[in-house]
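Participant: Build me a model:
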Amino acid sequence: MIHRAAQVIREEHAAIAAVLRTVSLLLAQHRREGTLPRFDALRAMLFYADEFPAREHHRKETELLFTRLRARTPLAREQLDHLDSEHGRGERMIRQVQHELTAFEMLGEPRRQGFEQAVERYVDFYLQHMAMEECDILPLAERVLTAEDWADLDAAFAEPAPAGQVPDAAYRALFTQIVNTVPAPLGLGAVGH
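Facilitator: Okay, the predicted model is just below:
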C-alpha cells in the first residue's frame, strides 16, 4: 500500500535533490566555459535548499514520522537521533554555502573554489542524508507503523501549513520559479514538487 505521507517525503526529496544536483551541474558548466554563473539563480536555488527543508520538510519528518517510529520500535532510535542531528547540521552547512556564494559574488574568481567545494560537501551530505531516510527509515515505517498511524500521518501531511508558516504552494511556486530560471539542458523541469 502506498501511504501519502511516505509519497510526500519522497516527492520532496526528489525536488530537493533536483535543485542540489542542478547547482552542481550549473557550476560545472560555468567552470568548463570559464564564465561566471548567474548569481541570482544560485541564490534562489540555495534559498530553496535552505528554506524548504528547514521550515517544512524536516518538521514533518521529525515531529510526525520520527515521533511515531520512536513510539513503535526501538530499532532505529539511534539512527533517528542521528538524522535529527543532521537536520541541524545541514542547516548550518547550507548557511556556510550561502556565505561562500556571497563571497564569490562580491570578491570574484579567487572565491570560486571555496564556494564550489562548500557546495560539493553539502550536496554529498544531503543526498546521503535523504538516501538513509528513504532506504532505511521509510521501509522500517512501512513494517512497524499501524494502519491508524498511517491514517494519522497521511492526514497530517495533507493539512495546510500551520498559522504563521509558509504554505506548500509558496514553495511549489519558488520551485517553479527556479525551474524557469535554470537553462533547459540541465533538466530540472522533469521533477515536480
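
Participant: Output stretch 78-90 in PDB, but only the C-alpha positions, please.
Facilitator: What follows is stretch 78-90, C-alpha atoms only, in PDB (Å, rounded to 0.1, in the frame of the first residue of the first chain):
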ATOM      1  CA  GLU A  78      20.000   5.900  17.300                       C
ATOM      2  CA  GLN A  79      19.500   6.400  13.500                       C
ATOM      3  CA  LEU A  80      16.600   8.700  14.100                       C
ATOM      4  CA  ASP A  81      18.600  10.700  16.600                       C
ATOM      5  CA  HIS A  82      21.400  10.900  14.000                       C
ATOM      6  CA  LEU A  83      19.100  12.100  11.300                       C
ATOM      7  CA  ASP A  84      17.600  14.700  13.600                       C
ATOM      8  CA  SER A  85      21.100  16.000  14.400                       C
ATOM      9  CA  GLU A  86      21.900  16.000  10.700                       C
ATOM     10  CA  HIS A  87      18.900  18.300  10.100                       C
ATOM     11  CA  GLY A  88      20.600  20.900  12.300                       C
ATOM     12  CA  ARG A  89      24.000  20.200  10.800                       C
ATOM     13  CA  GLY A  90      22.600  20.600   7.300                       C
END
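
Participant: Next, report how far it is displaced from the centre of its chain.
Facilitator: 14 Å (CA atoms, centre = their mean, to the nearest Å).

Participant: Can you name the residues in contact with it?
Facilitator: 53-54, 58, 61-62, 66, 69-70, 122, 125-126, 129, 132-133, 136-137 (CB atoms under 8 Å, 6 or more residues apart in numbering). From N, CA and C alone the C-beta is placed, and that goes for glycine too.

Participant: for stretch 172-181, same thing?
Facilitator: Against stretch 172-181 from outside (CB under 8 Å, 6+ apart): 15, 19, 22, 38, 40-41, 44-45, 47-48, 51-52, 188-189, 193.
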